[in-house]
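In: Sequence and predicted structure are below.
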Amino acid sequence: MKHRVTARVDLERIGHNYNYINSLVGDARVMAVVKADAYGHGSIEVARKLESLGCTDFAVACLSEAQELRAFGISGNILILGPTDAKLINEVIEGDFIQTVDSLDYAKVLAKRGRVRVHIKVDTGMSRLGIYCHSEAYISPCADEISGIASLENISVEGIFTHFADSDGDGEQFTRWQYKMFTSLLSELDSRNINVGIRHCCNSAATIRYPEMHLDMVRAGIILFGLMPSANIKDENILPAMRLSARVCAVHTLKAGDCVSYGCGYRAKCDTRVAVIAIGYADGFSRVYSGKELIRINGKTFATVGRICMDMCMVDIGLDFECSVRDEAVIFETAEDIERLASALGTINYEILCSLKHRVKLEYV
C-alpha cells in the first residue's frame, strides 16, 4: 500500500447506481445529493462522473460546498439545501446557485440583494426547515405564504419540495400523510394558478419504496453510493462504491503479560505477535471500536487489542499467522462491513462514511 489509509472509490459503481436510479424513476429527474463531500466519496470527482452521465441537478448543504463544485467546473443546477446568510446572497447570485427558501420573510431578504433562483421548502412533518404545513388546516395559509414569495419581483421560483421524516421506517402511515399534505398543497397552488416549478419530495428511501411519489424529481443521496437508508429498504441492484483500508506499519512479538496501548487495559495471555495498523480515531476509526472484531488482514478478521489511538490501532495475530509490514488491513469493502461498523458504534451507515477525515487518501478507480 502506498498510503497509510486509503479509501478507494469506484466511480463506475456510482455511475451504475445513478443509471439504475434513473431507470426506476422514468420521466422524473434525479438530483444527486453530494453534500458532505459526497458522503465522504469526494464531491468533485463524483459530480464530474455524474455530469458526464447526463446529471443536471445537484444538492449541497451550504454555499461553500456549492462554490467548490462551480470552481471545479460543475455547470449544472446546484441547490443549496440550508439557509445562506443574507450577507452572502450576492455570492449565491454570482454562482448561479438555487437557494432554498423556507419563509416569506427570508425571501424578502433575498429579494433585496438581486434576482435569486429559489426552491421553496415546505415542512410537512420533519419539523426542521420549511413553511409549516403539518395538517389540512395549514394548507391555505401555507399557499398564501408561497403566493407572497412567488409575487416578489426578484425571486425566481423554480421548484418546491418537502422532506420525509420516516420513509425508511417500519411503517408507511406518516410518510403517506406527509405526501398527502404536500400534494394537497400543490393542488391548492395549482387552483390559484401559482407556478412553483419542479416538485420533489423523495429522498433515497422513498425513491425505492414509494415509486408513486416520484413527481418531477427525486433526491438520491446514500443510494448513489451503494448503501441502503435502513434495514427496511432493500435493492440488490445498488452497489457499494467505497473500500477503506490501512497499512500494517509494524509487526512485533509480545511476551505473556505484556500490555498493549494506553491504560494497560489489555495484557497478552501468552507469547504472541501484534500487528500495528496505521488507522486511528483521527482518521474516523473510533475508540469505541476498541476490542471489536472489525479488521481483516489477508482474509482473516481480527479484533483490536488495547485502546485505539489517534493514529494507530493494534491487533493480536498470534505466532503463526502470516503478516508483514505494508500488508493491507481492510476496514470495510461491503455494505455488510459498513453496517457492522455502524452497529458497533451504535449509529447508521451514513455516519461511517461521513466520519472519514481529510488525511484519508481518496483514490478513484
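Out: Thanks, I have the structure now.
In: hmm, who's touching stretch 277-284?
Out: 4-5, 246-249, 285, 287, 295, 308-315, 329, 331, 352, 355-357, 359-360 (CB atoms under 8 Å, 6 or more residues apart in numbering). (Glycine included, C-beta is placed from N, CA and C.)
In: just stretch 336-345 next, same as before
Out: 227, 240, 286, 288-289, 292, 294, 330-332, 348-349, 351-353.
In: so what are the domain limits for this structure?
Out: Domain segmentation of the chain under automatic domain parsing yields 11-225, 242-364.
In: Can you tell me which of those is most buried?
Out: Comparing the domains of the chain by mean neighbour count (mean count of other CB atoms under 10 Å), domain 11-225 ranks first with a mean of 19.
In: so who does the residue lying closest to Ala165 once chain neighbours are set aside touch?
Out: Distance criterion CB to CB, 6 or more residues apart in numbering; nearest residue to Ala165, sequence neighbours excluded, is Met126 at 4.5 Å. Met126 makes contact with Thr162, His163, Phe164, Ala165, Gln178, according to CB under 8 Å, 6+ apart.
In: let's go with 10 Å and repeat that
Out: Met126 is in contact with His134, Thr162, His163, Phe164, Ala165, Asp166, Gln178, counting by CB atoms under 10 Å, 6 or more residues apart in numbering.
In: Over to Arg128?
Out: Gly82, Asp102, Lys121, His163, Ala165.
In: next one: Gly265
Out: Counting by CB under 10 Å, 6+ apart, the residues that Gly265 touches are Cys259, Ser290, Gly291, Val305, Gly306, Arg307.
In: closest to Gly130 among those residues?
Out: Nearest to Gly130 out of these is Ser290 (CB to CB; 41.0 Å).
In: State the distance from the closest one to Gly280.
Out: Distance, Ser290 to Gly280, by CB to CB, to the nearest Å: 11 Å.
In: joint contacts of these two?
Out: Residues within reach of Ser290 and of Gly280 at once, by CB under 10 Å, 6+ apart, are Arg307, Ile308, Cys309, Cys313.
In: got a list of what the first one touches?
Out: Which is Arg307. Arg307 neighbours (CB under 10 Å, 6+ apart): 260-266, 280-281, 287, 290-291, 313-314.
In: So what does the residue nearest the centre of the chain look like in phi/psi?
Out: By CA atoms, centre = their mean, the mean C-alpha position of the chain lies nearest to Tyr39, the distance being 3.8 Å. Backbone torsions of Tyr39, given as degrees, to the nearest 10, read phi 50, psi 40.
In: just to revisit the earlier point, so of the contacts of stretch 277-284, which ones are in strands?
Out: Val5, Ala246, Arg247, Val248, Cys249, Ile295, Cys313, Met314, Val315, Ala329, Ile331 (DSSP state E).
In: Can you tell me which of those residues is nearest Val196?
Out: Among the ones in strands among the contacts of stretch 277-284, Ile331 lies closest to Val196 (CB to CB), at 44.7 Å.
In: quick one: what helix or strand has the closest residue to that closest one other than its chain neighbours in it?
Out: Leaving aside its chain neighbours, Ile331 sits nearest to Leu244 (4.3 Å; criterion: CB to CB, 6+ apart). Here Leu244 sits within strand 242-254, counting by DSSP states H and E.
In: Run through the bridge partners of Val30.
Out: Beta-bridge partners recorded for Val30 (DSSP bridges): Val218.
In: hang on, it packs against Gly76?
Out: No. Val30 is beyond contact range of Gly76, at 11.4 Å (criterion: CB atoms under 10 Å).
In: what are the phi and psi angles of the residue nearest to Ala165?
Out: According to degrees, to the nearest 10, Met126 has phi -70, psi -30.
In: any idea how far Glu153 is from Arg115?
Out: 8 Å.
In: Likewise for Val46?
Out: Distance, Val46 to Glu153, by CB to CB: 37 Å.
In: Show me what the helix or strand that the strand holding Leu244 is followed by is in contact with.
Out: Per DSSP H and E, the first helix or strand lying C-terminal to strand 242-254 is strand 259-260. Strand 259-260 is contacted from outside by 254, 265-268, 272, 274, 276, 304-307, 313-316, using CB under 10 Å, 6+ apart.
In: Report the strands that pair with strand 259-260, each with its relative direction.
Out: strand 266-267 (antiparallel).
In: got the domains of the chain as CSV, with distance to Ile233 and mean pLDDT columns?
Out: Shown next, in CSV, are the domains of the chain (distance: least, CB to CB, whole Å; pLDDT from 0 to 100):
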stretch, distance to Ile233, mean pLDDT
domain 11-225, 5, 98
domain 242-364, 11, 96
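In: Need those domains in a markdown table (columns: distance to Lys234).
Out: Converted to a markdown table, those look like this (distance: least, CB to CB, whole Å):
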| stretch | distance to Lys234 |
| --- | --- |
| domain 11-225 | 8 |
| domain 242-364 | 10 |
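In: what about those domains, which gets the closest to Asp235?
Out: Proximity to Asp235 (CB to CB) singles out domain 11-225 among the domains of the chain, at 5.4 Å.
In: related to what we said a few turns ago, state the pair within the shared contacts of Ser290 and Gly280 that is farthest apart.
Out: Greatest spatial distance among the shared contacts of Ser290 and Gly280 (CB to CB): Arg307 and Cys313, at 8.4 Å.
In: what touches both of the two?
Out: Val260, Ser261, Gly280, Tyr281, Arg287, Ser290.
In: between the residues you listed, which is closest to Leu189?
Out: Using CB to CB, the shared contacts of Arg307 and Cys313 come closest to Leu189 at Tyr281, 49.1 Å.
In: isn't Gln178 right up against Ser135?
Out: No. Using CB under 10 Å, Gln178 makes no contact with Ser135, being 11.0 Å away.
In: Kind regards, and thank you for your time.
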